[in-house]
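Asker: coords please:
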Amino acid sequence: MVDASKFTAEVFRLAAERPDASPRLTRAANCVREGKFSWDEVAAGTCEHPLAQALFAPKAQEKLWPQLAEVAASLESAPEPAAAPRRARRAPATDDDFSEHTYLEDLAEPNSHPAWPQRRDRGR
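Answerer: Numbering: from 1, shown residues only. The predicted structure is shown next:
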């Protein structure tokens, strides 16, 4: 006998997406897409809709529940996805750090500061 306590909303959703899903499950999936009930309600057993209740009928226990158990087992055996490696962030630029900026002196203006080296006028 299959343990139905492992049939979570995720198990129902994944089983309904499989290409070999039973017609009973695909009809229930259509109702979920239409908003008539949710997989959470089905998994909790609180849904009163006939198509949701049909997922727990004796005929479904024979044909559908082994598929659901297979999906539940694959979810349990699947390793947790590893977290993506964190990318190093660039430190925020401070007001006195101008290393990433290039400031070119305007060549059309003469040097007006006395401490700056004087240059010959180009083209004048």
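
Asker: quick one: residue 39 and residue 9 touch, right?
Answerer: Yes: with contacts counted by CB atoms under 8 Å, residue 39 reaches residue 9, the gap being 3.7 Å. Glycine gets a C-beta too; all of them are placed from N, C-alpha and C.

Asker: more neighbours: those two, which one.
Answerer: residue 39 (22 against 15; other CB atoms under 10 Å).

Asker: residue contacts, the more buried one?
Answerer: By CB atoms under 8 Å, 6 or more residues apart in numbering, the residues touching residue 39 are 9, 10, 12, 13, 32.

Asker: ok, the residues you listed vs residue 89, which is closest?
Answerer: Nearest to residue 89, judged by CB to CB, of the contacts of residue 39 is residue 10 at 33.5 Å.

Asker: does the closest one touch residue 74 like I think?
Answerer: No: using CB under 8 Å, residue 10 makes no contact with residue 74, being 11.1 Å away.
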